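>>> kindly generate the corresponding structure for this input.
(chains A and B)
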Amino acid sequence: MVGALLCLLVLGAALLSLVWTPWSAYEIDVAAKLRPPSAAHWLGTDVLGRDIVSLLLVGARATILVGIIAVGIGLTCGVCLGLIAAAQRGWTEELIMRFSDFTFAFPAVLSAIMLAAVIGPGMVTSITAIGIFQIPVLVRVTRGSAGAIWAREFILAARAAGKGRVRITIEHVLPNILSILIVQATIQFALAILAEAALSYLGLGTQPPQPSWGRMLNDAQTLLFQSPSLAVYPGAAIALAVLGLNLLGDGLRDLLDPRLARQR
Amino acid sequence: MTAGDQALLDVSNLGIRLDTSRGPAQAVREVSFALRRGETLGIVGESGCGKSITALALLGLLPDSAVVSGNIRLDGRELVGLAEADYCTLRGNRISMIFQEPMTALNPMHTIGHQVAEPLLRHTGCSATEAKRQAIALLDRVGLPDPARRYDAYPHQFSGGQRQRITIAMALACKPDVLIADEPTTALDVTIQRQILDLIADLVAEQGMAMILISHDLGVIAENVQRMIVMYGGTVVESGTTDAVFSRMGHPYTQGLFRARPRLGARKGTRLATIAGTVPELADLPAGCPFADRCNLVVDACRTALPPVAEIGAGHAVRCIRTDVALTRDPVGVIA
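You can find the predicted model right below:
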């Protein structure tokens, strides 16, 4: 419940920023820089005189976009490959797992630099790099938990009932590992937000003047002693979003598991 | 052999080679048996004697690394080496299986109704409402109370005995020709065992199926099947009608197994007989008789080659070269 509310809050902020922000998030007013919170600027202004509330609202967009798309890429590719590896075994599994080890060896930053060299820096670069970075983790988690399900007796019973590998994977394996995947996806979402912050800091992600929570955090880093509150707001926003996602993941897991659902 | 006499399931010279962590192991060798429509066959043996592996081989469910030799024929159709896709149309439809562990043989994420209706939808191509109607009828037939109301319940809401009834309903949904029951009552309370076995026996008779009942319990075998085979170390050591085997046990292992069963009314203080030694590892089975190391009638010839099958009565065969001596021993063959 709380998780869903927090997620709605972040989503609401992103949607609201499309139609209204208290100030423009792109307007620089150096005369009004580093103002403390006031009636005009609820949370004050940053080093360029931009309104923090407006920046947070607009920054939610980048966060959500990067998170959803990158985790989406990771989930789609990772889960498919993991399920195939668990169902096929043999050289298919070997090939998929070695491929994911290979991908795993490249940090997101390195793949982002390579991608930036090809298609230039920007949001697409960071989304793609983070997405690719997510795949091997999800392949491993999926393969591992799916493998454990394949060893269960009800899978043997399903095979004895004449079901093929594809049907067993979709009808029996996937529902049983869904809760693990949901929790893992929320963790990956949190990692994606942090990775986005890191890439923006290196100038490979969101480009100025487009604000994102990660960029705000990294801008604030240089002023940590003059104005610590600048780092607190985006930090708190990231923490709340991640917390909300984790709680939502837990809630969804309980909701989807018939054994837990009936106990409430 | 006339058409009516034709075996429904004919297994001849079945051999199964498994890859284990200790190297390749001949898990099953020279296993042959035939099953006619409506006939019941028991397979008895200790853990690791190859009975479950044999059952899985019949369903084509062995691990990919297993090498199967010999023949398995269903209605004359060769099943060894059959393509997976073709096997899928047989499993659950013509051959199906009841598993040992009802607690884990049902998928915890699906309703029991869904799991019973599933094979019907898959193999008979009937509509969803028809499948549901038949599934409820099946659940009613296997004695699940109030099946229409509990159709949408999940496996964890049932007891072990009820779950085994549900797995029986699943296995019988498509009215298979051959039913394999692998220790169907081992995981259940003793009070439930009889009910479940009676239910299976009734259903087998009712639908005219052939059944293979796998058990380590001689009592269960004696009461539930017409013919039996005794397995040891991956091979059949004795086979025949249940009556013939119980009245005249020709193999030292069968005799030992019979002596080692616990009995009610045994005098206080009498120790339960055991067979000395342990089951040989499948990875290093001896070249000769697998029972040689534990047999008290062993002679040198036993260790050189697998003994040939010898008939000691009508349809009663023993794989032992010392049967003459074994048969003259104390009258363990009399059912106490």
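
>>> can you pull the contacts of the closest residue to residue B:310 other than its chain neighbours?
Spatial nearest neighbour of residue B:310, chain neighbours left out: residue B:318 (5.7 Å); criterion: Cβ to Cβ, 6 or more residues apart in numbering or on different chains. The C-beta positions use only the backbone N, C-alpha and C, and glycine is treated the same way. By Cβ atoms under 8 Å, 6 or more residues apart in numbering or on different chains, the residues touching residue B:318 are B:237, B:238, B:250, B:251, B:309, B:310, B:312.

>>> what's the PyMOL line that selects buried ones from those residues?
Filtering these down to the buried ones (16 or more other Cβ atoms under 10 Å in any protein chain shown) takes a single PyMOL command:
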select buried, chain B and resi 237+238+250+251+309+312
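
>>> okay if I get the contacts of residue B:318 as JSON lines plus pLDDT and distance to residue B:257?
Converted to JSON lines, those look like this (pLDDT from 0 to 100; distance: Cβ to Cβ, whole Å):
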{"residue": "B:237", "pLDDT": "92", "distance to residue B:257": "10"}
{"residue": "B:238", "pLDDT": "93", "distance to residue B:257": "10"}
{"residue": "B:250", "pLDDT": "87", "distance to residue B:257": "13"}
{"residue": "B:251", "pLDDT": "90", "distance to residue B:257": "9"}
{"residue": "B:309", "pLDDT": "89", "distance to residue B:257": "19"}
{"residue": "B:310", "pLDDT": "88", "distance to residue B:257": "19"}
{"residue": "B:312", "pLDDT": "89", "distance to residue B:257": "17"}
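
>>> show the contacting residues for the residue in the stretch 201-336 of chain B that chain A sits nearest to.
When scored by Cβ to the nearest Cβ, the stretch 201-336 of chain B has residue B:212 as its residue closest to chain A, at 13.0 Å. By Cβ under 8 Å, 6+ apart, the contact list for residue B:212 reads B:35, B:40, B:41, B:42, B:43, B:55, B:58, B:178, B:179, B:180, B:181.

>>> that one falls within a strand, correct?
Yes: assigned with DSSP: H, G, I helix; E, B strand; the rest coil, residue B:212 falls within a strand.

>>> relative to residue B:229, how far out is it?
Distance, residue B:212 to residue B:229, using Cβ to Cβ, to the nearest Å: 10 Å.

>>> which intervals of chain A have sub-threshold pLDDT?
Along chain A, segments meeting pLDDT under 70 span A:34, A:260-264.

>>> buried ones in the one helix or strand residue A:53 maps to?
With secondary structure defined by DSSP states H and E, residue A:53 is part of helix A:52-88. Across helix A:52-88, burial judged by 16+ other Cβ under 10 Å covers A:52-67, A:69-71, A:73-75, A:77-79, A:81-88.

>>> in contact with residue 64, which residues?
Since you didn't name a chain, this refers to chain A. Contacts for residue A:64 (Cβ under 8 Å, 6+ apart) come out as A:10, A:11, A:14.

>>> oops, wrong one, chain B.
Residues near residue B:64 by Cβ under 8 Å, 6+ apart: A:89, A:90.

>>> and residue B:42, what element?
In this assignment (DSSP H and E), residue B:42 forms part of strand B:40-44.

>>> pull up the pairing partners for that strand, direction included.
Using DSSP bridges, the strands paired with strand B:40-44 are strand B:210-215 (parallel), strand B:227-232 (parallel).

>>> could you measure from the residue lying closest to residue A:11 once chain neighbours are set aside over to chain B?
Using Cβ to Cβ, 6+ apart and skipping residues adjacent in sequence, the residue nearest residue A:11 is residue A:64, 6.7 Å away. Distance of residue A:64 to chain B, computed by Cβ to the nearest Cβ, to the nearest Å: 30 Å.

>>> and for residue A:146?
From residue A:146 to chain B the distance is 14 Å (Cβ to the nearest Cβ).

>>> now do the contacts for that residue.
Going by Cβ under 8 Å, 6+ apart, residue A:146 touches A:82, A:83, A:85, A:86, A:87, A:169, A:173, A:177.

>>> cutoff 6 Å now
A:83, A:86, A:173, A:177 (Cβ atoms under 6 Å, 6 or more residues apart in numbering or on different chains).

>>> I figured the second one hits residue A:141, correct?
No: in terms of Cβ atoms under 6 Å, residue A:86 does not count as a neighbour of residue A:141; the distance is 11.1 Å.

>>> make TSV from the contacts of residue B:212 and add neighbour count and pLDDT to it.
Conversion of these to TSV gives the following (neighbours: other Cβ atoms under 10 Å in any protein chain shown; pLDDT from 0 to 100):
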residue	neighbour count	pLDDT
B:35	21	92
B:40	23	93
B:41	24	94
B:42	26	94
B:43	27	94
B:55	21	92
B:58	21	92
B:178	23	93
B:179	24	94
B:180	27	94
B:181	27	93
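
>>> the residue nearest to residue B:22 when sequence neighbours are not counted: neighbour count?
Excluding the flanking residues, the one nearest residue B:22 by Cβ to Cβ, 6+ apart is residue B:283, at 4.2 Å. Around residue B:283 there are 14 other residues, counting by other Cβ atoms under 10 Å in any protein chain shown.

>>> tell me how far residue B:283 lies from residue A:97.
Distance from residue B:283 to residue A:97, by Cβ to Cβ: 28 Å.

>>> repeat for residue B:113
Taking Cβ to Cβ, one finds residue B:113 at 38 Å from residue A:97.

>>> and those two? Which one has more around it.
The residue with more neighbours, out of residue B:113 and residue A:97, is residue B:113; 20 against 17, by other Cβ under 10 Å.

>>> for the helix or strand residue B:201 falls within, the distance to its chain's centre please.
If you go by DSSP H and E, residue B:201 is part of helix B:190-207. Here helix B:190-207 is found 15 Å from its chain centre; the criterion is Cα atoms, centre = their mean, to the nearest Å.

>>> swap in stretch A:122-142?
9 Å.

>>> and what of stretch A:161-172?
Distance of stretch A:161-172 from the chain centroid (Cα atoms, centre = their mean) equals 31 Å.

>>> which outside residues touch it?
With Cβ under 6 Å, 6+ apart as the test, stretch A:161-172 has contacts from A:83, A:87, A:155, A:158, B:88, B:91, B:92, B:93, B:107, B:119.

>>> please identify which pair of those lies farthest apart.
Farthest-apart pair in the contacts of stretch A:161-172 is A:83 and B:93; separation 25.9 Å (Cβ to Cβ).

>>> what kind of secondary structure is the residue nearest to residue A:48 when sequence neighbours are not counted in?
Closest residue to residue A:48 apart from its sequence neighbours, by Cβ to Cβ, 6+ apart: residue A:28 at 4.7 Å. Following three-state DSSP, we place residue A:28 in the coil state.

>>> pull the number of nearby residues for residue A:28.
Using other Cβ under 10 Å, residue A:28 is surrounded by 14 other residues.

>>> so what's the backbone phi/psi at it?
Backbone torsions for residue A:28, taken as degrees, to the nearest 10, come to phi -100, psi 130.

>>> residue A:218: neighbour count?
Residue A:218: 18 neighbours (other Cβ under 10 Å).
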